[in-house]
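# here's a sequence, model it:
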Amino acid sequence: MKKKRVLIVTYYWPPCGGVGVHRCLKFAKYLRTFGWEPVICTAENPEYPVLDEGNARHIPEGIEVLKTRIWEPYTIYKWMMGKKREERITDVFVEEQRAGFRANLGIWIRGNCFIPDARRFWIGSTVKFLTRYLQDHPVDALMTNGPPHSAHMIGYKLKRKFNIPWLADFQDPWTESDSYRRLMLNPISRKIHEAMQRRVFHSADKVTICSESWKVDLESLGAHDVGVIFWGYDEDDVQEMTDRPSPKFTISHFGRLGPDRNVSVFWKVVADLVKNHPNFGKDLEIRLAGFIGEAVRDEIAAFGLLNNVKILGHISRKEALAGMRQAQVLLLIINDEPNAQGRLPGKFFEYLASRRPILVLGPEGSDAASILHELHAGSTCGYRDYASTKATILQLYKKYVKNDLPDNVTPIEHYSNKNTTGTLALCLDSIAGR
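Here you go, the predicted structure:
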């Protein structure tokens, strides 16, 4: 039977590194299994924060990838911040914590002059290119993935031109996101953002997002027919997780640690345990992989933990997956923001796939906590709950000393990328058949 075709507009695509690229990459990898042929439209010359050539191995053989040129204002931003042209911008909100006026000016310009985001200049050229492409190469459905939400504006314009069944997929919310709250928006800019979001919600045939709580949030803002598609983990990656846990009591965190993920209680608890339990200090090794903000580095130094902490910087995905298996405990810090209840980051599911115990610092009633407890995969402690955090880490350490931190064996197949792509295929089937 002939496969249906879905055009996927996504900014993030190999050689992009980090977690964000894997949502559409893994959808594309498994969609053929469910009768859909993906066609990718991405940027030809993007400003990716990190690169990882290893991600290309997941691209399906023979897939059609369309690329359009983009101009991004990061050259100007780098000049403002005194950075070299070849330097990569990891996160304008956490990267320049000590830059004062210049950093604030850059964020203000970003929020009020580049709406909906810094990739807005990709919209016009891509719509023009895809208008020509779709006239000769029709598709059965259109999917856009954001952020950047510029991708959704491409979908909105193509929907108006061709009335293609359109699914708008959100990795993170738009006006309810952490970054949106930091944009220093003036009232006019805020209204423009909100109007763009409403257009997407009202025009898309289906809206999807990655957690149940965020689904409720989008519905409260006017989105209709909202579905949940979790990030998931890839079985192919799991097969490569063959490392044994470290002989040290290793607590490992993977991903960005900015001021919104700097849990002071954690550093204080660890410092007190090092001080009061000599063997704990000898055994402890905290590994931090990814971008680490200045506030976090300052906390580590202030609590005298420099000898116990290894800052690894950016590592490849292959190294990250190996590091998850090497950890005695995996640390997940949920952003300390109003929308924390629904934050279910992609690495959470890879943590689950590693089968190592997980310590979540965040709201007890969060979506992450619910899945964690459902799968008996670890513990949750509040951001500022010193007593609970201390008791939990001490309990984990005592189990480590007894060699009693076993792998979790609870079935997790529901969260595999193949199954989450099956959910996406059902959503596409539902709108393509209307």
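# please work out how many residues are found near residue 288.
21 (other Cβ atoms under 10 Å). All C-beta atoms are positioned from the backbone trio N, CA, C, and that covers glycine.
# beyond the worst-scoring helix or strand of the chain on mean pLDDT, next helix or strand please.
The least trusted helix or strand in the chain, going by mean pLDDT, DSSP states H and E, turns out to be helix 74-81, with a mean of 54. Later in the chain than helix 74-81, the nearest helix or strand by DSSP states H and E is helix 101-113.
# just the CA atoms of that following helix, as PDB, please.
Only the C-alpha atoms of helix 101-113 are listed here, as PDB (Å, rounded to 0.1, in the frame of the first residue of the first chain):
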ATOM      1  CA  PHE A 101      23.200  46.000  30.600                       C
ATOM      2  CA  ARG A 102      24.500  44.500  27.300                       C
ATOM      3  CA  ALA A 103      22.900  41.100  28.100                       C
ATOM      4  CA  ASN A 104      19.600  42.700  29.100                       C
ATOM      5  CA  LEU A 105      19.600  44.900  26.000                       C
ATOM      6  CA  GLY A 106      20.200  41.800  23.900                       C
ATOM      7  CA  ILE A 107      17.300  40.000  25.500                       C
ATOM      8  CA  TRP A 108      15.000  43.100  25.100                       C
ATOM      9  CA  ILE A 109      15.900  43.300  21.400                       C
ATOM     10  CA  ARG A 110      15.300  39.600  21.000                       C
ATOM     11  CA  GLY A 111      11.900  39.700  22.600                       C
ATOM     12  CA  ASN A 112      10.600  42.900  21.000                       C
ATOM     13  CA  CYS A 113      12.200  43.100  17.600                       C
END
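# average model confidence for whichever helix or strand comes after that helix?
Where DSSP H and E defines the elements, the next helix or strand beyond helix 101-113 is helix 121-136. Helix 121-136 shows a mean pLDDT of 97.
# what do you get for stretch 271-281?
pLDDT averaged over stretch 271-281 gives 94.
# residues in contact with that stretch?
Stretch 271-281 is contacted from outside by 249, 284, 303-305, 308, 390, 393-394, 397, 401, using Cβ atoms under 8 Å, 6 or more residues apart in numbering.
# list the buried residues for it?
Neighbour counts using 16 or more other Cβ atoms under 10 Å place 271, 273-274, 280-281 of stretch 271-281 among the buried residues.
# now the terminal residues of it, how far apart.
9 Å (Cα to Cα, to the nearest Å).
# so how far is that stretch off the chain centroid?
Between the centre of stretch 271-281 and the centre of its chain there are 34 Å (Cα atoms, centre = their mean, to the nearest Å).
# ditto for stretch 251-267
Per Cα atoms, centre = their mean, the centroid offset for stretch 251-267 relative to its chain is 15 Å.
# try stretch 18-32
12 Å.
# may I have it exported as PDB, CA atoms only?
C-alpha atoms of stretch 18-32 as PDB (Å, rounded to 0.1, in the frame of the first residue of the first chain):
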ATOM      1  CA  GLY A  18      21.500  18.300  22.200                       C
ATOM      2  CA  VAL A  19      18.200  16.800  23.000                       C
ATOM      3  CA  GLY A  20      15.800  19.000  21.000                       C
ATOM      4  CA  VAL A  21      16.800  17.500  17.600                       C
ATOM      5  CA  HIS A  22      15.700  14.100  18.600                       C
ATOM      6  CA  ARG A  23      11.900  14.700  18.700                       C
ATOM      7  CA  CYS A  24      11.500  15.100  14.900                       C
ATOM      8  CA  LEU A  25      14.500  12.900  14.100                       C
ATOM      9  CA  LYS A  26      13.000   9.900  15.900                       C
ATOM     10  CA  PHE A  27       9.500  10.600  14.500                       C
ATOM     11  CA  ALA A  28      11.100  10.500  11.000                       C
ATOM     12  CA  LYS A  29      13.000   7.400  11.900                       C
ATOM     13  CA  TYR A  30       9.900   5.400  12.800                       C
ATOM     14  CA  LEU A  31       7.000   6.900  10.700                       C
ATOM     15  CA  ARG A  32       7.400   4.500   7.800                       C
END
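# and the buried residues of stretch 271-281, which is closest to residue 288?
residue 271 (15.5 Å; Cβ to Cβ).
# what helix or strand is that closest one on?
helix 264-276.
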